[in-house]
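Q: Sequence plus predicted model, see below.
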Amino acid sequence: MNKYIQDWLDAIEYMNNDNTYKLAWGRAILENVYTLNHIEENNVITFDAVAHKMVKYYWNQTFFFNLRQGSNIKKKPIIVQQVDLLIDKYKELTGSSIPIWFDKAEEELTKEQDFYKSVLKKCARKLKDDVSWRFMNVNKETKNLYVLNKEYLYISINKEQVLLLKEYGFVLSQLLNYKWAQLLEKFNNAPRITSKVKGISDNQIRRNNLTKYKNILLENMNKPIDFYTGKELQPDDISVDHVIPWSFMYSDDIWNLVLTSKSNHIPSKEVIEQLNQRNKELVETINNSKYKEELNIAIAHSYVDQFYLSMKL
């Protein structure tokens, strides 16, 4: 293994964290390196460019998945605080609280250029004070991963190093994702954290078509009934809803899916009890062996109650 790549591996493997800054910083550097089209003898990556990537990561993890990024519950990391301000600004500008992917939200945010740029600048300055130099410290040794210029807020990476990072970038990114997910599991009770971390740089969240679940649920009902209201549904107003929000579960599980009208619902304890009862009834009537097994496992392990409590923490 090349020594430079080994130094990167050591920096990722042995870093001490009480929040996810170092992991986000490393991932942002790799993404910026990957997008370099013209490789020079010395290649500059500004703190602004790194901060932009990190804001994107934290926006997607916070807005969609509500993942906490540090051990201190009462005081969020500074960059996460700034992302929260951006999310609040987006809600104010659009009048909507529906989570949106950062790449799509940015167009709206740039309408408030001064505010948006001030957030990025504050994030960049935080990188100067903290993570930019700490990332290279491994067991009291400083690894030469890049040349740091704290005065002008950039790092530089030479041509040979860039080529190596492009070659081994996938492996390094996977290790960063793994360590990031491990750390988040200490701060959160949410399911499928690994998948959520991996997906924060995608252009969009890909949600599955729920038509098959709609048909299965309809097959086990005499007539289409709204799960929440008990009223009969019209054929053109039937929707499949995740009782425990999809953004928390990040999956489609039949024990968490119900028929309702096309609107959003926030589950209460009464709704959770109702879902438990529905599942006990559904498992007795459903013919599909795969979904019958899923329902039996969910009932046996109290998935509905467990995930509902985790969501509320």
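A: Looks like it came in fine.
Q: where along the stretch 201-313 of the chain do the strands fall?
A: According to DSSP state E, counting those that start in this stretch, the stretch 201-313 of the chain carries its strands in the segments 239-242, 257-260.
Q: Determine which stretch of those strands is the most buried.
A: Comparing the strands of the stretch 201-313 of the chain by mean neighbour count (mean count of other C-beta atoms under 10 Å), strand 257-260 ranks first with a mean of 22. Every residue, glycine included, has its C-beta placed from N, CA and C.
Q: helices and strands around that one, which ones?
A: When contacts are defined as 3 or more C-beta pairs under 8 Å, 6 or more residues apart in numbering; DSSP states H and E, strand 257-260 packs onto helix 211-219, strand 239-242.
Q: Export the strands of the stretch 201-313 of the chain as a markdown table, with columns for distance to residue 198.
A: Formatted as a markdown table, the strands of the stretch 201-313 of the chain follow (distance: least, C-beta to C-beta, whole Å):
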| stretch | distance to residue 198 |
| --- | --- |
| strand 239-242 | 21 |
| strand 257-260 | 24 |
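Q: would you list the ones you listed in TSV and tack on distance to residue 185 and mean pLDDT?
A: Formatted as TSV, those follow (distance: least, C-beta to C-beta, whole Å; pLDDT from 0 to 100):
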stretch	distance to residue 185	mean pLDDT
strand 239-242	22	90
strand 257-260	26	92
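Q: For residue 129, which of the ones you listed is the nearest?
A: Closest to residue 129 of the strands of the stretch 201-313 of the chain, according to C-beta to C-beta: strand 239-242, at 40.7 Å.
Q: Could you check the one helix or strand residue 103 maps to and say which residues are buried?
A: Element membership for residue 103 (DSSP states H and E) is helix 102-109. Buried residues in helix 102-109, counting neighbours by 16 or more other C-beta atoms under 10 Å, are found at 102, 105, 106, 109.
Q: show me what contacts the first one?
A: What it means is residue 102. For residue 102, the contacting residues are 55, 56, 59, 60, 63, by C-beta atoms under 8 Å, 6 or more residues apart in numbering.
Q: how does it look with 7 Å?
A: Neighbour list for residue 102: 56, 59, 60 [criterion: C-beta atoms under 7 Å, 6 or more residues apart in numbering].
Q: Equivalent analysis for residue 84, please.
A: Residue 84 neighbours (C-beta under 7 Å, 6+ apart): residue 62.
Q: any idea how far residue 62 is from it?
A: The spacing between residue 84 and residue 62, counted by C-beta to C-beta, to the nearest Å, is 7 Å.
Q: Also residue 123?
A: Distance, residue 123 to residue 62, using C-beta to C-beta: 14 Å.
Q: repeat for residue 255
A: Remark: distance between residue 255 and residue 62 (C-beta to C-beta) = 27 Å.
Q: now residue 92
A: According to C-beta to C-beta, residue 92 stands 16 Å off from residue 62.
Q: Those two: who's more crowded?
A: For residue 92 and residue 62, the more surrounded residue by other C-beta atoms under 10 Å is residue 62, and the numbers stand at 20 against 10.
Q: For the closest residue to the more buried one other than its chain neighbours, pull up the helix or strand it's in.
A: Nearest non-adjacent residue to residue 62, counting by C-beta to C-beta, 6 or more residues apart in numbering: residue 83, 5.8 Å away. Per DSSP H and E, residue 83 falls inside helix 78-94.
Q: Can I get that helix as PDB, trimmed to CA atoms?
A: As requested, C-alpha coordinates have been extracted for helix 78-94 and formatted as PDB (Å, rounded to 0.1, in the frame of the first residue of the first chain):
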ATOM      1  CA  ILE A  78     -21.600  25.000  15.100                       C
ATOM      2  CA  ILE A  79     -21.900  23.900  11.400                       C
ATOM      3  CA  VAL A  80     -25.100  21.900  12.200                       C
ATOM      4  CA  GLN A  81     -26.500  25.000  14.000                       C
ATOM      5  CA  GLN A  82     -25.800  27.000  10.800                       C
ATOM      6  CA  VAL A  83     -27.500  24.300   8.700                       C
ATOM      7  CA  ASP A  84     -30.500  24.500  11.000                       C
ATOM      8  CA  LEU A  85     -30.700  28.300  10.200                       C
ATOM      9  CA  LEU A  86     -30.600  27.500   6.500                       C
ATOM     10  CA  ILE A  87     -33.500  25.000   6.900                       C
ATOM     11  CA  ASP A  88     -35.500  27.600   8.800                       C
ATOM     12  CA  LYS A  89     -34.800  30.100   6.100                       C
ATOM     13  CA  TYR A  90     -35.900  27.700   3.400                       C
ATOM     14  CA  LYS A  91     -39.200  27.000   5.300                       C
ATOM     15  CA  GLU A  92     -39.700  30.800   5.600                       C
ATOM     16  CA  LEU A  93     -39.000  31.400   1.900                       C
ATOM     17  CA  THR A  94     -41.200  28.600   0.700                       C
END
